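>>> okay, predicted coordinates and the sequence, questions at the end:
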Amino acid sequence: MFVFLIFGMTVFNWVLGNILSAAHEKKKLIFGFGITLNLLCLAIFKYSNLICSSLNSFSNTFFGKNPHWMSDIVLPLAISFFIFEFIHYLFEIYRGHEPIKSFTLFALFAAFFPTQIAGPIKRFPDFEVQMQEHKPFKLRYLDDGIPLIIIGFAKKILLADTLAQLVNMGYTIPNEFGSLELWLFAYAFAFQIYFDFSGYTDIARGSAMLFGYKIPINFNMPYIASNISNFWHRWHISLSTWLRDYLFIPLGGSRGNEFQTNRNLFITMVLGGLWHGASWNFVVWGIYHGLALAAHRTFLTFKKNFEWLDRFVSSKLGNLLSIVFTFHIVCMGWVLFRVQDIGVALNALKRMVLLSPIYSHTEVTIGQFLVLKQDLPVIIIISLILTLIMLFLNLPLSFLSERKIFRNCPPWLVGSFCCCLIVIMLIFLPDGTQPFIYFQF
């Protein structure tokens, strides 16, 4: 069924793109119609359940009646990503770029399997050039793509799925844990979602390379960002730049005064949060990052008035402290992202900030196991050590996948490295596999 949905949207956007390109009058009206229909499709399939449940809660709160409206619409896989690519396509045609004349090439752009499910979000001017190139098979494509695919699977299987065991344990009953444990779970989820999504991106990029295609890098070591703005230049880069080019700038960007710029940032991040899922916790997560970005801009203006502060922030110590501070700001945001119940998430954040209680003083039942309070500190220490080990394991994996170091290595070394990773994955394969986190969006 959903094959017909993406095929229908592909035909619609290809036809509308050609009409928009040829139009001399009512161009804005045609463009607005295309954007509206794409967003309407996204809203119907992705947000129907949220709208119904919110109306039920509103009616029950203010009128004492719950109509029990429900939506049985199933979320199509990857609808968020291909709708965003269609919107980007119409934007570029409206701005004067030539449309893709061949329907076959346009359908390939929309249905390119490595990126269709969870990105990265492609830009059609760059991808169109690659589609029109003659690409005879080359062994170099395998040399480039296979090591990247193996690294992606290693990130997912060895790191993300292992951390998922700890994360699922903690966020099943977060109210039962103290601040130290909650911080550990936040750290674990921060690296789980990074390994999970960057691992998928490596697999997608490697799969595209097998056919001679290059798709953009989506991550650039985000947890060494020195401020929240820099974090969004390093995290999910294809989405960040999409939001900048097709939402933030059309809203006015930074062309207005300080208030208007912060307002545009705030709106962009709230809508970016809502894009991640049909749940209010994603909206709150977007609000959190919108406020954080606005606070960062305000701080940049403030520190210019104090030369000593500006000098300290620019120093090596100041930069290190900024990285640590930014990482913890991001980790607190991940709690809002991971815990769907907003009340539970805010309570967990309060415990984390107030450091009270430090750790759980009660017996905690996790699955079929009863964990005694005297055992929890030991579990925390062991888990923290494992988390740090996985952090250091990520450094060479990220360096290899993001810096193209394989180009300078002899084939026997690359082959040996890949074989070792495969053997390690087979030996340390977790008991249960986890779906990719971004498959739900």
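Nice, I can see it.

>>> give me the neighbour count for residue 245.
15 (other CB atoms under 10 Å). All C-beta spots, glycine's among them, are computed from the backbone N, C-alpha and C.

>>> quick check, pLDDT for it.
With respect to pLDDT, residue 245 has a value of 88.

>>> any idea how far it lies from residue 261?
The spacing between residue 245 and residue 261, counted by CB to CB, to the nearest Å, is 16 Å.

>>> I figured residue 319 hits residue 226, correct?
Yes: the pair residue 319 and residue 226 passes the contact test of CB atoms under 8 Å, sitting 5.5 Å apart.

>>> these two - which one has more neighbours?
Neighbour totals were compared for residue 319 and residue 226, and residue 226 leads with 18 against 15 (other CB under 10 Å).

>>> excluding chain neighbours, give the residue nearest to that one in space.
With CB to CB, 6 or more residues apart in numbering as the measure, residue 322 is the residue that lies nearest to residue 226, at 4.3 Å, once sequence neighbours are left out.

>>> just the buried positions in stretch 274-292, please.
274-286, 288-292 (16 or more other CB atoms under 10 Å).

>>> quick check: which ranges of the stretch 51-200 of the chain have low pLDDT?
For the stretch 51-200 of the chain, applying pLDDT under 70 flags the ranges 51-77, 118-119.

>>> and with 80 instead?
Filtered on pLDDT under 80, the stretch 51-200 of the chain yields the residue ranges 51-80, 112, 114-119, 124-125, 128, 131-135, 139-140, 143-144, 176.

>>> buried stuff in stretch 135-142?
Using 16+ other CB under 10 Å as the burial criterion, the residues of stretch 135-142 that qualify are residue 141.

>>> which residues touch it?
Contacts of stretch 135-142 with the rest of the structure, by CB atoms under 8 Å, 6 or more residues apart in numbering, involve 209-213.

>>> which of the residues you listed are buried?
With neighbours counted using 16+ other CB under 10 Å, those contain these buried positions: 209-210, 212-213.

>>> from the residues you listed, which is closest to residue 422?
The closest of the buried ones among the contacts of stretch 135-142 to residue 422 turns out to be residue 210 (CB to CB; 17.2 Å).

>>> find the residue closest to that closest one in space, skipping its chain neighbours.
Nearest one to residue 210, counting by CB to CB, 6+ apart, is residue 145 at 4.2 Å.

>>> so what's that neighbour up against?
For residue 145, the residues meeting the contact criterion (CB under 8 Å, 6+ apart) are 205-210.

>>> now intersect those with the strands, please.
By the criterion of DSSP state E, membership of these in strands covers no residue at all.

>>> can you give me the strands for the protein?
Using DSSP E, the strands of the chain run over residues 364-366, 369-371.

>>> now do the last one, average pLDDT.
Looking back up the chat, that one is strand 369-371. On average, strand 369-371 scores 47.

>>> ok so, going back, ok, the contacts of residue 145 vs residue 115, which is closest?
Distance to residue 115, by CB to CB, is smallest for residue 208 among these, at 7.2 Å.

>>> number of residues surrounding the residue lying closest to that closest one once chain neighbours are set aside?
Taking CB to CB, 6+ apart, and ignoring the residues beside it in sequence, residue 208 has residue 114 as its nearest neighbour in space, at 4.5 Å. Here the number of neighbours of residue 114 (other CB under 10 Å) works out to 24.

>>> how far away is residue 114 from residue 159?
Separation of residue 114 from residue 159 (CB to CB): 21 Å.

>>> how many other residues sit next to residue 429?
Neighbouring residues of residue 429 were enumerated by other CB under 10 Å; the total is 13.

>>> so it makes contact with residue 154?
No: under the contact definition of CB under 8 Å, residue 429 does not touch residue 154, with a separation of 11.2 Å.

>>> tell me which residues touch residue 111, please.
The contact partners of residue 111, taken as CB under 8 Å, 6+ apart, are 6, 10.

>>> for residue 85, see how far away it is.
According to CB to CB, residue 111 and residue 85 sit 10 Å apart.

>>> show me where the stretch 151-300 of the chain has helices.
Along the stretch 151-300 of the chain, the segments classed as helices by DSSP state H, counting those that start in this stretch run 161-172, 179-209, 228-234, 237-243, 258-275, 280-303.

>>> and what of the stretch 301-441 of the chain?
According to DSSP H, counting those that start in this stretch, the stretch 301-441 of the chain carries its helices in the segments 307-314, 316-338, 342-354, 376-402, 411-427.

>>> considering the ones you listed, which stretch scores lowest in mean pLDDT?
Mean pLDDT across the helices of the stretch 301-441 of the chain is lowest at helix 376-402; the value there is a mean of 56.

>>> related to what we said a few turns ago, do I have it right that the residue nearest to residue 208 meets residue 201?
No: Residue 114 is not in contact with residue 201 according to CB under 8 Å; the separation is 9.7 Å.

>>> does residue 30 touch residue 16 like I think?
Yes: judged on CB under 8 Å, residue 30 makes contact with residue 16 at a distance of 7.0 Å.

>>> can you get me a residue count around residue 17?
By other CB under 10 Å, 25 other residues sit near residue 17.
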